[in-house]
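A.B. asks: coords please:
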Amino acid sequence: MAKDPAKVTLPEWRLHDLRRTARTGLSKLGVSPDIGEMVLGHAIGGIRGVYDRYGFLPEKRAAIEKWGSHVMGLLSPPADGGKVITMVRR
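C.D. replies: Residues are numbered from 1 along each chain as shown. Presented below is the predicted three-dimensional model:
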């Protein structure tokens, strides 16, 4: 028997959880670890951080566009009706 969507409760979450979700999702989508870290604003440390001054803007843009397409796919109901639950704000 399916659960009533009005009675589904979500665990407590914080904005940091969205960053973790995005970072994990970028890896799942095949984005390289360095680019994923830079998308979140993390610096690449060590000797590479000192000598490699390239900004990786095209790579970061591609990663963000890939993530955006993924998120939009989650928000758009599938044509076949799939498993979509409408969330209601209380």
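A.B. asks: Check the chain for its longest helix and report it.
C.D. replies: Longest helix in the chain by number of residues (criterion: DSSP state H): helix 57-75.
A.B. asks: Could I get the buried residue list for it?
C.D. replies: Buried residues in helix 57-75, defined by neighbour count with 16 or more other CB atoms under 10 Å: Glu59, Ala63, Trp67. Heads up, the C-betas are built off the backbone N, CA and C, glycines and all.
A.B. asks: for these, which one is nearest Asp17?
C.D. replies: Proximity of those to Asp17 was ranked by CB to CB; the top entry is Trp67 with 15.3 Å.
A.B. asks: The closest one: what's it in contact with?
C.D. replies: Trp67 makes contact with Ala22, Gly25, Leu26, Leu29, Val31, Val39, according to CB atoms under 8 Å, 6 or more residues apart in numbering.
A.B. asks: measure it to Ile47 for me?
C.D. replies: 29 Å (CB to CB, to the nearest Å).
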